[in-house]
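> Model the following, please.
(2 chains)
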Amino acid sequence: MKEIQIAVIGAGPAGLAAAIELAKAQGNVTLFDENTKPGGQLFKQIHKFFGSSEHLAGTRGYNIGKQLLRETEKLGVNVILDAPVYAIYPDKTISYSHQNREQAIKAEKIILATGATENALAFPGSTLPGVMGAGAAQTMINVHRVLPGKKVLMIGSGNVGLIVSYQLLQAGADVVALIEAAPQIGGYGVHAAKIRRAGVPIYISHTIQKVMGKNEVVAAQIVQLDDNRQPIPGSEKILEVDTVCMAVGLSPLTELAWLMGCEFAYIPQLGGHIPKHNHNMETTVSGLYVAGDITGVEEASTAMEEGRLAGIACAQALGLYDQEKAHTLKKEIWNRLNTLRTGPFGKIRKFAKDELLKISREGTA
Amino acid sequence: MKQGIKYTGTPSWEELESAPGRPSQQRLEKGPVAFIECVQEIPCNPCEKACPFQAITVASPITNLPRLNEEKCTGCGICIASCPGLAIFKIDLNYSPTTALVEFPYEYYPLPEEGEVVPCANRWGKFVAQGKVLKIKNPRTYDGTSTIAVEIPKAFYLDVRTICRKEDY
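A predicted model of the protein is given here:
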């Protein structure tokens, strides 16, 4: 079987950043992705990113993707696309299918940067064509240039719901309303303000009851919720829509980590079960690292930093960096991560991340 | 209903009044100036670097609200397109004896034409008044975010923040 030094699984922001750092350290790195194009979610992100202007803030997501791809090319990272990895074995044998063939390769070190997947809601009518994940709608408009519908109801006011609503407006759709079950908006106020300026109503303490239609969505019924999140009778509203988008959170894609026998911690604020890992992003399985949304759902900016961190720690473990150099580089990244995890939004994630590190250290879940 | 950006998606007057990016009434009377409606501590600072006159400070931590130095601000408007949150505006309160100028970011097509009279809207997307498009800027450095300057009746300088989107796409 062919043997390689380092395998990075997932070519999104975290995987690309990890591969770049490893290649910079003269590591021999192979990057796998199931899609035909690298970049993960970055190429769907047509908005300008927040963060520090020192680190690409103010740059549109797809341009960040282009920059990362240019770097991987320049550094000679081996990228294998259209290659879903479906199994990893304890001896770090990686099974993947590529060009209609099942293939296997053995790696000395592995970094999992598999990302996350959209959550769904079940309600009467939720299987009708026209009901979809907000991420799916975003892929349609921004990657394939197809408008999924003309009149959209968005469920969920996290940043995904707010941003995709804005982008649906930009694509020429009408967002009839955005509803949120919680008594407040979940995402950044500035994103909410953009769609409010475009006249989109945001109903907090509201949920969906059903979607009407026989072969397609023709209307949706929403209802107001009381303080105990119970529907208030008589507050039902029927909205004429042809599309219902769900932006109700993401769950880390952890299957490969389970297969490898990683220990897990359950942290609801981060999206559920997360592989335990240390400050080097190394899991409880020696030589197996994690970065990005698999370590808890956050943002592309933090995913890229975590990818760099995992890459550098992995390079250090391989002896490509001496301890002093690696320590300096890692410290810089931790400072940036801690900065990104401040403020009323960031500190919730910081607290959850610290908890995860603590649980990982103490070995109790 | 509870007021505030967390509940309505629109900053309340209280939030705007206490925002350190808001210029004083005195400064507004003097001439063109930036009006930064950033009221929530999120990790973001491109506006700080964008200002050629060092009139905007975020500093550390990066979640600080941007602070406007209204003496240094010349009202050039370069910061408008730099804000990923589209939360920076420019106001020229005394554009004429009866009108004010409001410049805002705009990321929809089609764009209006310079000289066109268009319906202008507030932070809730509600029509406020007709306004005349004075200038549309979209240089490469704005990276796809256009800015539109409209001339509006002076009374609405705190209300008008966009134009009603064109229907004919």
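> Check the gap between the closest residue to residue B:66 other than its chain neighbours and chain A for me.
Leaving aside its chain neighbours, residue B:66 sits nearest to residue B:21 (4.7 Å; criterion: C-beta to C-beta, 6 or more residues apart in numbering or on different chains). C-beta here means a position set from N, CA and C on the backbone, and glycine is covered the same way. Going from residue B:21 to chain A by C-beta to the nearest C-beta, to the nearest Å gives 12 Å.
> In contact with residue B:21, which residues?
Shown in contact with residue B:21 (C-beta atoms under 8 Å, 6 or more residues apart in numbering or on different chains): B:34-38, B:56, B:65-68, B:88.
> Can you flag which of these belong to strands?
If you go by DSSP state E, these have B:34-36, B:56, B:67-68, B:88 in strands.
> now the most centrally placed residue in chain B: how far from chain A?
Geometric centre of chain B, nearest residue: residue B:89, 1.3 Å, by C-alpha atoms, centre = their mean. As judged by C-beta to the nearest C-beta, residue B:89 and chain A stand 11 Å apart.
> Residue B:132 too?
Residue B:132 is 20 Å from chain A, by C-beta to the nearest C-beta.
> what's the neighbour count on that residue?
17 (other C-beta atoms under 10 Å in any protein chain shown).
> Which pLDDT value goes with it?
At residue B:132, the model reports a pLDDT of 98.
> Below-threshold pLDDT in chain B: ranges please.
Where chain B drops to pLDDT under 70, the residues are B:166-169.
> What parts of the stretch 151-300 of chain A come near chain B?
Proximity of the stretch 151-300 of chain A to chain B (C-beta under 8 Å from any C-beta of the partner chain) is limited to residues A:169-170, A:172, A:183-185, A:188-200, A:202, A:204.
> helix or strand for the nearest residue in space to residue B:77 that is not next to it in sequence, which one?
Spatial nearest neighbour of residue B:77, excluding adjacent residues (C-beta to C-beta, 6+ apart): residue B:90 at 4.4 Å. Assigned by DSSP states H and E, residue B:90 falls within strand B:88-92.
> where's the following helix or strand past that strand relative to the chain centroid, distance-wise?
Scanning forward in sequence from strand B:88-92 by DSSP H and E, the next helix or strand is strand B:99-106. With C-alpha atoms, centre = their mean, to the nearest Å as the basis, strand B:99-106 stands 7 Å off its chain's centre.
> what's in contact with whichever helix or strand comes after strand B:99-106?
Per DSSP H and E, the first helix or strand lying C-terminal to strand B:99-106 is strand B:117-121. Under the contact criterion C-beta under 8 Å, 6+ apart, strand B:117-121 has outside partners A:197, A:199, B:102, B:112, B:127-133, B:150, B:152, B:156, B:160-164.
> Contacts only, for residue B:24.
residue B:70.
> A PyMOL selection for the contacts of strand B:117-121, restricted to the buried ones, would help me check which they are.
The PyMOL selection below is limited to those of the contacts of strand B:117-121 classed as buried (16 or more other C-beta atoms under 10 Å in any protein chain shown):
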select buried, (chain A and resi 197+199) or (chain B and resi 102+112+128+131+132+133+150+152+156+160+161+162+163)
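> Among the contacts of strand B:117-121, which lie within strands?
Using DSSP E, the members of the contacts of strand B:117-121 that fall within strands are B:102, B:127-133, B:150, B:152, B:162-163.
> Could you dump those residues into TSV and include distance to residue A:264?
Converted to TSV, these look like this (distance: C-beta to C-beta, whole Å):
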residue	distance to residue A:264
B:102	53
B:127	53
B:128	54
B:129	58
B:130	60
B:131	57
B:132	61
B:133	57
B:150	55
B:152	57
B:162	47
B:163	51
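> For residue B:146, give the beta-bridge partners.
residue B:106 (DSSP bridges).
> Pretty sure it sits against residue B:111.
Yes - with contacts counted by C-beta atoms under 8 Å, residue B:146 reaches residue B:111, the gap being 6.0 Å.
> who touches both of those two?
Listed as contacting both residue B:146 and residue B:111 by C-beta under 8 Å, 6+ apart are B:136, B:138.
> now, among the ones in strands among the contacts of residue B:21, which is nearest to chain A?
Lowest distance from chain A to these (C-beta to the nearest C-beta) belongs to residue B:88, with 10.1 Å.
> and the closest one, what does it touch?
B:21, B:34-38, B:47, B:79-80, B:82, B:105.
> so what's residue A:190 up against?
B:38, B:40, B:42, B:83-87.
> at 10 Å what do you get?
A:50, A:162, B:5, B:9, B:11, B:37-40, B:42, B:44, B:83-87 (C-beta atoms under 10 Å, 6 or more residues apart in numbering or on different chains).
> Residue A:319 - that's part of a strand, no?
No - Residue A:319 is assigned coil when assessed by DSSP: H, G, I helix; E, B strand; the rest coil, not a strand.
> one step back: can you report how many residues neighbour the residue lying closest to the residue nearest to the centre of chain B once chain neighbours are set aside?
In space, and not counting its chain neighbours, residue B:89 is closest to residue B:35: 4.5 Å by C-beta to C-beta, 6+ apart. For residue B:35, the tally of surrounding residues (other C-beta under 10 Å) stands at 25.
> Next: residue B:121.
22.
> So what sits opposite it in the bridge?
Note on residue B:121: beta-bridge partners by DSSP bridges are residue B:127, residue B:162.
> returning to that earlier point: and residue B:146 and residue B:111? Which one has more around it.
Set side by side, residue B:146 and residue B:111 show more neighbours around residue B:146, with 19 against 15, by other C-beta under 10 Å.
> for the spatially closest residue to residue A:141 that is not a sequence neighbour, phi and psi?
In this structure, residue A:141 finds its nearest non-sequential neighbour in residue A:171, 4.1 Å apart by C-beta to C-beta, 6+ apart. Taking degrees, to the nearest 10, you get phi -80, psi -10 for the backbone angles of residue A:171.
> Give me the distance between residue A:171 and residue A:137.
Separation of residue A:171 from residue A:137 (C-beta to C-beta, to the nearest Å): 9 Å.
> How much space separates the residue in chain A sticking out farthest from the centre from chain B?
Relative to the mean C-alpha coordinate of chain A, counting by C-alpha atoms, centre = their mean, the farthest residue is residue A:234 (37.9 Å). Remark: distance between residue A:234 and chain B (C-beta to the nearest C-beta) = 18 Å.
> Over to residue A:142?
13 Å.
> Spit out the contact partners of the nearest residue to that residue once chain neighbours are set aside.
Spatial nearest neighbour of residue A:142, excluding adjacent residues (C-beta to C-beta, 6+ apart): residue A:44 at 4.7 Å. Shown in contact with residue A:44 (C-beta under 10 Å, 6+ apart): A:61-62, A:65, A:135, A:138-143, A:163-164, A:167.
> so which of these is the most crowded?
Ranked by neighbour count under the definition other C-beta under 10 Å, those are headed by residue A:164 with 29 neighbours.
> Next up, the contacts around the closest residue to residue A:39 other than its chain neighbours.
Sequence neighbours aside, residue A:65 is the residue nearest to residue A:39 in space, at 4.0 Å (criterion: C-beta to C-beta, 6+ apart). Taking C-beta under 10 Å, 6+ apart, we find residue A:65 in contact with A:11-13, A:16, A:37-45, A:300.
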